[in-house]
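In: Here's a sequence, model it:
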Amino acid sequence: MGSATAFRCSGTVVTSTFVKLDGTNNHGIAAAGSGGVIFGISQEGSRTAQTPDVTDDPPQAGIAGQSIHVYQDGDYCQVRAGASITVGDKLKSDSNSYATPCTLTAGTREYYGAIALESAASGSLVKVKVAIGSITTPA
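Out: Next comes the predicted model:
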């Protein structure tokens, strides 16, 4: 859906999830987790061919030391939904690095990594435009 640049994984990264920069190695990325600054979205393809007797659920984009493609600001791709998503939602990372809508709570700052281009149910893939930013809600 978009272009992507290769980065080396610092640990296991699942396909189509939010990633962050990892300061422990040059050009390294890691699963974004909850609440932090998002760098992009991991590649959609799995690092291994999925067969009936060997599957990773969800599929792994890469493990420590492997390079994967990362969609960055302005790219179009898919991300895994960790909650119900409505078209136009700004999406942040949950603890699994899945997309969840930003919630505007007074006095808080939230970092988002994409804007939803369609509505989606939790557990599905949703089309997004990667858009890195933050929202600060006045107290």
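
In: residue contacts, residue 14?
Out: 31, 42, 58, 59, 60, 61, 80, 96, 97 (CB atoms under 8 Å, 6 or more residues apart in numbering). Placement of C-beta: from N, CA and C, glycine included.

In: Would you map out the domains in the protein?
Out: Annotated domains of the chain cover 5-72, 77-136 [automatic domain parsing].

In: export those to a markdown table and tack on mean pLDDT?
Out: A markdown table is the format used below for the domains of the chain (pLDDT from 0 to 100):
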| stretch | mean pLDDT |
| --- | --- |
| domain 5-72 | 87 |
| domain 77-136 | 96 |
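
In: ok, the most centrally placed residue in the chain to residue 138 distance?
Out: For the chain, the residue sitting closest to the mean C-alpha position, by CA atoms, centre = their mean, is residue 18 at 1.7 Å. Separation of residue 18 from residue 138 (CB to CB, to the nearest Å): 26 Å.

In: again with residue 60
Out: 41 Å.

In: Neighbour count for the two, which is higher?
Out: residue 60 (18 against 7; other CB atoms under 10 Å).

In: Quickly list what residue 136 is bridged to.
Out: residue 109 (DSSP bridges).

In: Count the residues that sit near it.
Out: 10.

In: That one reaches residue 105, doesn't it?
Out: No. With contact defined as CB atoms under 8 Å, residue 136 does not count as touching residue 105 (10.7 Å).

In: so who does the nearest residue to residue 21 once chain neighbours are set aside touch?
Out: Nearest residue to residue 21, sequence neighbours excluded (CB to CB, 6 or more residues apart in numbering): residue 39, at 5.0 Å. Residues near residue 39 by CB under 8 Å, 6+ apart: 19, 20, 21, 29, 32, 70, 72, 113, 132.

In: Pretty sure the second one sits against residue 38.
Out: Which is residue 20. Yes. Look at residue 20 against residue 38 with CB under 8 Å: they come within range, at 6.2 Å.

In: I'm done for today, thanks for sticking with me.
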